[in-house]
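Visitor: let me see the structure of the following:
(one chain, ligands or ions: 1)
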Amino acid sequence: MATVREADPRGAVLAFVLQVLGALSALGVVLASRLALSAVLDERAADDPDLLIALLLLALFTALSGSVGVLQAAQQRLLGERVSQLVWRRLLRVTTSVDLPTYESTRFLQRLDRVRSNAVSRPVAVSGALLGLVGSGVGVAAMTAALLSIEPILVPVLLAAGIPSVLIARRSSRAEFDFAKDSTYLAQRRGYLKMLMSHRFSAAEVRAFGAGPGLMARHQQDDDAYLARLTTHSRLKQRFALLTVAASGVSLALALLVIVALVSANRIALPDAGAAAIAARLLAGQLVTVFRSVTSLIESGPFLRDLEGFLAMDGLSTEAGERRGLETGLAVRGATFSYPGATRRAVDEVDIDVPAGSVVALVGENGSGKTTLAKIIAGLYPAAADSITWDGEAIEPADLRASVTVLFQDFIRYQMSVADNVVMSDTSNPVDEDRLRAALDRVGVGSAIEALPRGLDTVLGIELEDGADLSGGQWQRLALARALYRDSPLVVLDEPSAALDPRAEHELFADVRRVLDGRSAVLISHRYSSVRLADHIYVMDGGRVIEHGSHAELVAAGGRYAELYELQSRTYLES
Ligand SMILES: Nc1ncnc2c1ncn2[C@@H]1O[C@H](COP(=O)(O)OP(=O)(O)OP(=O)(O)O)[C@@H](O)[C@H]1O
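Guide: Numbering: from 1, shown residues only. Predicted coordinates:
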């Protein structure tokens, strides 16, 4: 209820008032029916004022009850949207501030998936159930009062229906959560296969490999497995629901039998019997809503606890960090990192130095630990305490993140305008258009952007209306411009030239110091033509640095670097 109040305080009050009004208008229907029946059975004339008033009241309360229902539906929908928005905001606050290693944990990813697809809809269901409970609670009280005034014995008969329903709801709730939990993996895999078969990013490869039918078959298998589980689960739920309905039907039938018996024994008059029958029917309806709401509340309990646990997760880092200038340089000493569940260290006791103003390269075979080290340097993965110093002093991870810019090899292609794609690296400051254009020009993509239909405002992503698209190399330059737009003294560039043509690569890296404009850089690359221009090169293998020095020193040493460099040069010369 607190979430509902926080999401929309006025809407919550309005919804509450409408629920009460709905219940009271139902009571009005019962009382007006009693009056009307009484007037009819007294054989009043058609123009008798008492009969006319009773009929008018009956029409009025019936209309009121119907209109309140319409308003309630609209109000609940709005309230549901507000509650959903609030819960999403809370969830996204966690997903955007939890530290990066958490995203490497399967347990977290599965929980996130479950919370995203299930728990978020629950608060909306709970808010609906709570309102339903308020309305039907008032309704039950009103109908009970009406029945008590007519014949008290009817009340316990109808209320007894609730006991089995509540007991059933408790068992049903556990079954629902267990079903969702056990199906998480299947749901994830089905979602992934659907995405592969229906997204643009995968469309070309799926066609080129003719992978469509194979993926469809796997998807069908998962669909069948899910359907089989769902069928078993639905049968169980059906049994629970039927038992609840049966309990309420039996109690309603009993109440009506009691009314008939009371009329036969002349214990109540016919108008009272008529009103009691209507009240009993309405009360049975209200009780079904009460039980349904209680069931929904009980059923949502485990999901809400799952969500609450997720929202209260540790390891959130929301502090902004302070950008530092780099005077002497960054030093890494004994940096070590293992991925969750991994048996081997991805980075193992690594020492490197990045003097201010220098370009340092990291090379090594696939899986040797370069990207992991880049994430450590950028403050995204924790290394052993104080293993990173900035100008000779220890630095907080948040400050490190604020001071280092990293361009990943799998950078994001934002479906936003060209300008947004660049300024995304510095959203906490106002857009600086001169800096934006300078960054684009520095990576040689300025004129290509000018040629787009709406220049900097062109939206990228043809999925969007009026969206344009760029080539792979142009996207990479745009990502480079994004890294350069951010005013930080150190940039880490992970495979920044993988998609560039030889001329573009030469233009950018032969003159890399002009492009960097005074920044220091850590360059990760498999292209030795770029790497050889670095001031210092570290060669990694199995998470460790196995050798380092300038290009000339490493070639002269005749070690791993010399071997890899020789291999690549020979490939070029021979081809
Ligand atoms: N998310 C992850 N979870 C578990 N292990 C991982 C993860 N990412 C990388 N690894 C492992 O860590 C090691 C280092 O990977 P890393 O990506 O740092 O290598 P790399 O040198 O950048 O490789 P490449 O040249 O292919 O980009 C590899 O053995 C890899 O299998």
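
Visitor: show me which residues of this structure sit near the ligand.
Guide: Applying Cβ under 6 Å from any ligand atom, we find that the chain lies next to the ligand at 104, 339, 342, 346, 364, 366-372. No exception for glycine: its C-beta is placed from N, CA and C like everyone else's.

Visitor: pLDDT, secondary structure and neighbour count for those - can I get that in CSV?
Guide: As requested, the residues of the chain next to the ligand are exported to CSV (pLDDT from 0 to 100; DSSP: H, G, I helix; E, B strand; the rest coil; neighbours: other Cβ atoms under 10 Å):
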residue, pLDDT, secondary structure, neighbour count
104, 85, helix, 14
339, 90, coil, 14
342, 88, coil, 10
346, 94, coil, 20
364, 92, strand, 23
366, 92, coil, 6
367, 93, coil, 13
368, 94, coil, 22
369, 95, coil, 23
370, 95, helix, 25
371, 94, helix, 20
372, 94, helix, 23
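
Visitor: tell me which two of those sit farthest apart.
Guide: Greatest spatial distance among the residues of the chain next to the ligand (Cβ to Cβ): 104 and 364, at 20.5 Å.

Visitor: send the alpha carbons of stretch 396-404 over as PDB?
Guide: Extracted C-alpha coordinates of stretch 396-404, given in PDB (Å, rounded to 0.1, in the frame of the first residue of the first chain):
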ATOM      1  CA  GLU A 396      38.900   5.400  -5.000                       C
ATOM      2  CA  PRO A 397      37.200   3.300  -7.700                       C
ATOM      3  CA  ALA A 398      34.500   6.000  -8.200                       C
ATOM      4  CA  ASP A 399      37.300   8.600  -8.800                       C
ATOM      5  CA  LEU A 400      39.100   6.200 -11.100                       C
ATOM      6  CA  ARG A 401      35.800   5.800 -13.200                       C
ATOM      7  CA  ALA A 402      35.400   9.500 -13.400                       C
ATOM      8  CA  SER A 403      39.000  10.000 -14.500                       C
ATOM      9  CA  VAL A 404      39.500   7.200 -17.000                       C
END
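
Visitor: by proximity to the ligand, which residue of the stretch 101-250 of the chain wins?
Guide: Using Cβ to the nearest ligand atom, the closest approach of the stretch 101-250 of the chain to the ligand is made by residue 104 at 4.4 Å.

Visitor: can you pull out the low-pLDDT segments for the stretch 1-150 of the chain?
Guide: Counting by pLDDT under 70, the stretch 1-150 of the chain contains low-confidence ranges at 1-5, 43-47, 119-120.

Visitor: tell me where it has helices.
Guide: Ranges of helices within the stretch 1-150 of the chain are 2-7, 9-41, 49-97, 106-114, 121-150, based on DSSP state H, counting those that start in this stretch.

Visitor: could you dump these into CSV with mean neighbour count added?
Guide: Converted to CSV, the helices of the stretch 1-150 of the chain look like this (neighbours: other Cβ atoms under 10 Å):
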stretch, mean neighbour count
helix 2-7, 16
helix 9-41, 19
helix 49-97, 15
helix 106-114, 16
helix 121-150, 21
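
Visitor: strands along the stretch 201-350 of the chain, start to end?
Guide: Remark: strands assigned in the stretch 201-350 of the chain by DSSP state E, counting those that start in this stretch are 329-337, 347-355.

Visitor: in its sheet, what does the first one sit against?
Guide: With DSSP bridges as the criterion, the sheet partners recorded for strand 329-337 are strand 347-355 (antiparallel), strand 388-390 (antiparallel).

Visitor: got a markdown table for these, with mean neighbour count and mean pLDDT too?
Guide: Shown next, in a markdown table, are the strands paired with strand 329-337 (neighbours: other Cβ atoms under 10 Å; pLDDT from 0 to 100):
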| stretch | mean neighbour count | mean pLDDT |
| --- | --- | --- |
| strand 347-355 | 19 | 95 |
| strand 388-390 | 20 | 93 |
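
Visitor: so for residue 483, which of those sits nearest?
Guide: Each of the strands paired with strand 329-337 has some distance to residue 483 by Cβ to Cβ; the shortest is strand 347-355, at 15.7 Å.

Visitor: which regions of the stretch 351-500 of the chain sit below the pLDDT cut-off?
Guide: Residue ranges of the stretch 351-500 of the chain with pLDDT under 70: 385.

Visitor: strands of that one, residue ranges please.
Guide: 359-364, 388-390, 393-394, 404-407, 490-494.

Visitor: let me have the helices of the stretch 1-150 of the chain in CSV, extended by distance to residue 390.
Guide: CSV is the format used below for the helices of the stretch 1-150 of the chain (distance: least, Cβ to Cβ, whole Å):
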stretch, distance to residue 390
helix 2-7, 41
helix 9-41, 47
helix 49-97, 23
helix 106-114, 30
helix 121-150, 43
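
Visitor: closest one to residue 274 among these?
Guide: When those are compared by Cβ to Cβ, helix 9-41 sits nearest residue 274, at 4.3 Å.

Visitor: count of residues packed around residue 223?
Guide: Each residue near residue 223 was counted by other Cβ atoms under 10 Å, and the total is 15.

Visitor: the residue lying closest to it once chain neighbours are set aside: what's it in contact with?
Guide: On the basis of Cβ to Cβ, 6 or more residues apart in numbering, the spatially nearest residue to residue 223 that is not a chain neighbour turns out to be residue 190, at 6.8 Å. Shown in contact with residue 190 (Cβ atoms under 8 Å, 6 or more residues apart in numbering): 219, 222-223, 226.

Visitor: swap in 10 Å and give it another go.
Guide: Residue 190 makes contact with 183, 218-219, 221-223, 225-226, according to Cβ atoms under 10 Å, 6 or more residues apart in numbering.

Visitor: show me how far stretch 209-217 is from its chain's centre.
Guide: 29 Å (Cα atoms, centre = their mean, to the nearest Å).

Visitor: can you list contacts of that stretch?
Guide: Under Cβ under 10 Å, 6+ apart, the answer for stretch 209-217 is 193-194, 196-197, 202-203, 205-206, 223.

Visitor: swap in 6 Å and give it another go.
Guide: Applying Cβ atoms under 6 Å, 6 or more residues apart in numbering, the contact partners of stretch 209-217 are 193, 196-197, 206.

Visitor: with stretch 394-404 instead?
Guide: For stretch 394-404, using Cβ under 6 Å, 6+ apart, the contacting residues are 319, 321-324, 378-379, 386, 488, 490.

Visitor: that concludes my questions; thank you for your assistance.
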